[in-house]
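K.L.:
Sequence below, structure please.
(one chain, ligands or ions: 1)
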Amino acid sequence: MNEPIIRFEGVVKRFGELTVLDHLDFTVDPGEKVTIIGPSGSGKSTVLRVLMTLERINEGVVYVDGEPLWHEQGAKGLEPASEAHLRKMRQKMGMVFQHFNLFPHMTVLRNLTEAPRYVLGLSPREARQRAEELLELVGLSDKAEAFPSQLSGGQQQRVAIARALAMRPKIMLFDEPTSALDPELVGEVLRVIRSLAEEHELTMLLVTHEMDFARRISDRVCFFDQGRILEQGPPEEIFSSPKEQRTREFLHAVLHPEE
Ligand SMILES: Nc1ncnc2c1ncn2[C@@H]1O[C@H](COP(=O)(O)OP(=O)(O)OP(=O)(O)O)[C@@H](O)[C@H]1O
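P.N.:
Below is the predicted model:
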């Protein structure tokens, strides 16, 4: 059995009085595709933001790829991580947000080559070659010289996925990647994510409200409630025969909103 590539141990995250992650224990295996579902405010995005080192934790330890994320091993045990450690750890992960966050003043190609060149030290030629391969993967080879404002939301989100992949992360994090899109643009983005899900090496952690999609691509679905995992299992089990009343209520509400 492989060591998990992501491990949350007793993680607590508070915003003032509000406890958003409540002694969370959570693991993801290498190559596993895990979807997080659950009501608004249950802490789903916070899990991804903690992993991306965008939110500090108050208690517990997060391990990524065998190393503590927010800590470093010191003489007297775990100590808060240095900025250099956080930078190194961050490179293991790529994140795609709800809003695309592309660099607006750069062409699509430069959006993809900038970090590989200046963070990973690739030559201009290597960075360009990698970018072109990824644009082909997301079906946007003809948009290399376009600026983000000249693209549709779906195209921008596909560029954002390619840009994250250009850093060759071991783990891809998706935070509701289609929720800011017009309905007719959702499919093209989901198709790209689905093709990535076929990559056995890549670990994927997704927060989504697209239940059909979660059912199709996930190895495991985790239902979050009040900062903890209330229930988790293979998608067929969670969607067809959830054990917990809260999970049943949530699924009923999202699958039959008109009732
Ligand atoms: N920077 C912040 N300061 C204060 N409260 C915050 C902050 N970020 C998140 N929260 C609160 O933490 C709780 C959990 O937020 P989180 O974004 O993880 O929820 P979520 O499950 O992803 O919800 P949604 O589905 O609505 O995106 C929410 O109540 C939110 O208002």
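
K.L.:
residue closest to the middle of the chain?
P.N.:
Centroid-nearest residue in the chain, with CA atoms, centre = their mean: residue 173, separated by 1.2 Å.

K.L.:
secondary structure class for that residue?
P.N.:
strand (DSSP: H, G, I helix; E, B strand; the rest coil).

K.L.:
May I have the beta-bridge partners of it?
P.N.:
residue 95, residue 205 (DSSP bridges).

K.L.:
quick one, what contacts it?
P.N.:
By CB atoms under 8 Å, 6 or more residues apart in numbering, residue 173 lies in contact with 48, 51-52, 93-96, 204-206. Any C-beta I mention is one placed from the backbone N, CA and C, and that applies to glycine too.

K.L.:
State the helix or strand in which residue 62 lies.
P.N.:
strand 59-64 (DSSP states H and E).

K.L.:
other SSEs contacting that strand?
P.N.:
strand 6-15, strand 18-28, helix 44-51 (3 or more CB pairs under 8 Å, 6 or more residues apart in numbering; DSSP states H and E).

K.L.:
Check which element follows the second one along the chain.
P.N.:
Pointing back at strand 18-28 there. strand 33-37.

K.L.:
touching the ligand at all, that next one?
P.N.:
No. Using CB under 6 Å from any ligand atom, strand 33-37 stays clear of the ligand, with a minimum separation of 8.1 Å.

K.L.:
Show me what that strand is in contact with.
P.N.:
28, 44, 47, 197, 203-209, 211, 214, 217-224, 235, 238, 250.

K.L.:
Filter these down to the buried ones.
P.N.:
28, 44, 47, 197, 203-208, 211, 214, 217-218, 220-224, 235, 238, 250 (16 or more other CB atoms under 10 Å).

K.L.:
Reformat the helices and strands packed on strand 59-64 as TSV; add distance to residue 228.
P.N.:
Below are the helices and strands packed on strand 59-64 laid out as TSV (distance: least, CB to CB, whole Å):
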stretch	distance to residue 228
strand 6-15	10
strand 18-28	5
helix 44-51	11
